[in-house]
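Trainee: Below is the sequence, then the predicted model.
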Amino acid sequence: MVVPTAAAATVVALGPGRSAPGLDASGPAVPVTHPGPATWRLTVRAGRPSVVRLRLTDVPGWHATLDGRPVALERFAGVMLQARVPPGRHVLVLRYRPGTFTAGLALAGVAALGLLAMVVTATWRRRSPGRPRPGAHATRPAPAA
């Protein structure tokens with residue numbers, strides 16, 4: 001069964017004074033492509049100032065650009081996202097990259113550098129000539145008889 005006004009994204013003209021349209025306001029569907037598992041890409045055509053309503057859950061980590069510039073995402077219907085767009089043709093790209101993921105990548109990088117430093121240091125100490133190894137005692141030659 002197909003719901004007539006259902007789409008992953010729609011474009012809806014803003015109301016008087018650029019106010020957000022009502023929750024029941026409908027508009028034409030905007031095709032969505034998914035270049036990656038955490039990316040939405042839309043080409044939006046709007047005749048006047050509008051909002052692109054995305055049937056996408058508003059969870060922390062979604063970021064958007066409009067024509068390559070950051071654009072704010074707003075909450076729509078209490079659980080979904082929308083972005084305001086000026087009149088004309090625009091490319092809206094949304095990417096999901098939560099802050100904890102970025103922090104995890106940074107911590108993993110620091111840990112990898114630490115392990116690499118330990119390996120390099122251990123290798124350098126083993127190959128360093130004339131330097132006694134830890135725990136090795138220097139021995140004196142026996143006196144001549």
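Mentor: Received it, and whenever you're ready, just let me know what you need.
Trainee: so what's Gln82 up against?
Mentor: For Gln82, the contact set (C-beta atoms under 8 Å, 6 or more residues apart in numbering) comprises Ala20, Val51, Val52, Arg53, Leu54, Leu73, Glu74, Arg75, Phe76. In short, each C-beta sits where N, CA and C put it, glycine included.
Trainee: can you tell me which of those lies nearest to Gly36?
Mentor: Using C-beta to C-beta, Leu54 is the member of the contacts of Gln82 that sits closest to Gly36, with 16.4 Å.
Trainee: circling back to that earlier point, could I get the contacts of Gln82 as a markdown table with pLDDT, distance to Ala13 and secondary structure?
Mentor: As requested, those are exported to a markdown table (pLDDT from 0 to 100; distance: C-beta to C-beta, whole Å; DSSP: H, G, I helix; E, B strand; the rest coil):
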| residue | pLDDT | distance to Ala13 | secondary structure |
| --- | --- | --- | --- |
| Ala20 | 84 | 11 | coil |
| Val51 | 96 | 8 | strand |
| Val52 | 96 | 11 | strand |
| Arg53 | 95 | 12 | strand |
| Leu54 | 95 | 16 | strand |
| Leu73 | 97 | 19 | coil |
| Glu74 | 95 | 16 | strand |
| Arg75 | 95 | 19 | strand |
| Phe76 | 91 | 15 | strand |
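Trainee: Pull out the buried members of those.
Mentor: Buried members of those, scored by 16 or more other C-beta atoms under 10 Å, are Val51, Val52, Arg53, Leu54, Leu73, Phe76.
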